[in-house]
Each structure stands twice: as structure tokens, then as C-alpha cells.
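Visitor: Have a look; sequence and predicted model below, questions after that.
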Amino acid sequence: MIPKEESQQVEFKLIWKDDYLKQLCGFANSQGGSIYLGVNDQGKVVGINNAKRLLEEIPNKGANLMGIVMQVDLLFENGLSYLLLKVHQSSQPVSLRGKYYARSGTTNQEVNHHHQRWWL
């Protein structure tokens, strides 16, 4: 079931952009979270093209660029496909290309990893 709105642990995205890896990194450095691809801002499934390709591509990027394993599920509603990307909270700080991100409300914030207080 898709949540009704975005929150600290939920993002809705119409299409995939590699920039969304920052959100996944932020989820890993916070309480975990999910991105629903092919879902509009109102939480309605609109479908996503190339879902099967993304089903392989996105987890590989997570593993290769951040060292995390994420759950990626291909789901359907009313004949439309969408993807659920789920990241669990990491026990260690996670970086993306040397930068660290953390979730704050419905936003992602770049944090300075030298200030370990953000991680505690």
C-alpha cells in the first residue's frame, strides 16, 4: 500500500534520475526510507517506463556507489507498473561519491562527516 503523502521516510518520484541516489543515501544515514517511482505527489500511481531495466540498474548503483543493498520491487496497480526502492538505516555512515547526506523532514541535507554529532 502506498502512503498518502511524502514524509521523512517516503518520497514520490515520477521518473528515475541518478540525483535520487542522494535521497537513498540520506535514508541510509537516517531512519531508512522508501522512494516510490512512477507515483505522483498525491501518491497516485501514474506508471513508469523502463521499469525492468531500472530493476537491475538501481540496485547496482546503490551497491557500487554507496556500498548498500536496497530492496527494489516491481509492483502494479490498475495495470500500471511502479517501483518501490527501500533502504534500511545503516549502522555506519554512508557516502555517495565522498559526500554524506541525511534526511530532515521531507528534505535531504548534505552533512559534514567530520562533525560526527549528526550521526549520533
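Guide: All right, it came through fine. Numbering: from 1, shown residues only.
Visitor: When you work out contacts or count neighbours from here on, use the C-alpha atoms and nothing else.
Guide: OK.
Visitor: Looks to me like Asp19 is in a helix.
Guide: Yes. Assessed by DSSP: H, G, I helix; E, B strand; the rest coil, Asp19 belongs to a helix.
Visitor: Kindly state the pLDDT recorded for it?
Guide: According to the prediction, Asp19 has pLDDT 96.
Visitor: same deal with Thr107?
Guide: 89.
Visitor: my guess is it contacts Gln8, does it?
Guide: Yes. Here Thr107 reaches Gln8: they are 7.5 Å apart, a contact under CA atoms under 8 Å.
Visitor: Who has more neighbours out of the two?
Guide: Each of Thr107 and Gln8 has its neighbours counted (other CA atoms under 10 Å); Gln8 has more, 17 against 12.
Visitor: Centre of the chain to the one helix or strand Asp73 maps to, how far?
Guide: Under the criterion of DSSP states H and E, Asp73 resides in strand 71-77. Centroid separation for strand 71-77 versus its chain: 13 Å, with CA atoms, centre = their mean, to the nearest Å.
Visitor: what helices or strands is that strand leaning on?
Guide: Packed against strand 71-77 by the contact rule (3 or more CA pairs under 8 Å, 6 or more residues apart in numbering; DSSP states H and E) you find helix 51-61, strand 80-87.
Visitor: State the next helix or strand along the chain beyond the shortest one.
Guide: What it means is strand 80-87. Sequence order places strand 95-96 as the next helix or strand after strand 80-87, per DSSP H and E.
Visitor: Please name the nearest non-neighbouring residue to Ile58.
Guide: Of all residues not flanking Ile58 in the chain, Val72 sits nearest, at 8.0 Å (CA to CA, 6 or more residues apart in numbering).
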